[in-house]
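[1] Predicted coordinates and the sequence they were generated for:
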Amino acid sequence: MRVATLFVIAALVSCRSQQAAVTTGNTDTLSFADVTPRDSADSSLLTPRVITEPTVVVFWLAAADTFSADDQAEALDELNSTTEGIQPTLSRHNIKLVPTNSDTIYVALPNRQRRMILLTGVDYPFGYVLVEPGSAERILAGLYADDELLDEVEAYFDLPPSDSADARPRIST
């Protein structure tokens, strides 16, 4: 009985220290450029994200290990390619792009509160989360074609259509 009690106390202390780290930490500083192929247990990507500004979060969860190695490689290549395709649009509109392997994302709210977004149980263990603090997030699980993802980003963040940037104004006489 004493051993069981010690295990419970140790588990509670462990959970409390992890929760304290999550709730008192500042916004994370890891960017999409910091992602390099590493072990799937890379601790920097497993740390839950704290979102404080308009952000697109690219997620790849541990549950992706249930796919075959070929399917994982194909999905990761497609995810990376599509993500690189929207990077210029995001940069132009000051929208952050960050990666995560964590199944939890926190959105900073007023009064030092945080709203939690859980990614466990979504249709696919990879995809995107569009977040604008103060608005409902949009989870895009799975793979998207370049133009579909761009349309989703433009609609969610209320951006002008990308094809209108190249169009010249019409002058009527």
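    Everything's here; your move.
[2] Now do the SS call for I117.
    I117 carries the three-state label strand when classified by DSSP: H, G, I helix; E, B strand; the rest coil.
[3] What ranges in the protein fall below the confidence cut-off?
    1-44, 163-173 (pLDDT under 70).
[4] What segments of it are helices?
    2-24, 43-46, 69-92, 146-156 (DSSP state H).
[5] V57 - how many residues pack around it?
    23 (other C-beta atoms under 10 Å). All C-beta atoms are positioned from the backbone trio N, CA, C, and that covers glycine.
[6] so it makes contact with P48?
    No - taking C-beta atoms under 8 Å as the definition, V57 is not a contact partner of P48, at 10.6 Å.
[7] Pull up the overlap in contacts between those two.
    Common contacts of V57 and P48, defined by C-beta atoms under 8 Å, 6 or more residues apart in numbering, comprise T100, I105.
[8] do you know how far Y128 is from I139?
    Distance, Y128 to I139, by C-beta to C-beta, to the nearest Å: 8 Å.
[9] for L79, same thing?
    14 Å.
[10] With neighbour numbers in mind, choose between the two.
    Remark: of L79 and I139, L79 carries more neighbours, 22 against 17, as counted by other C-beta under 10 Å.
[11] List the contacts of the more buried one.
    L79 is in contact with V58, W60, F126, G127, L143, counting by C-beta under 8 Å, 6+ apart.
[12] Closest to I95 out of those?
    V58 (12.5 Å; C-beta to C-beta).
[13] Let me know whether the closest one touches T100 as I believe.
    Yes - counting by C-beta under 8 Å, T100 is a contact partner of V58 at 7.3 Å.
[14] more neighbours, those two?
    A count of neighbours by other C-beta under 10 Å puts T100 above the other of V58 and T100, at 23 against 19.
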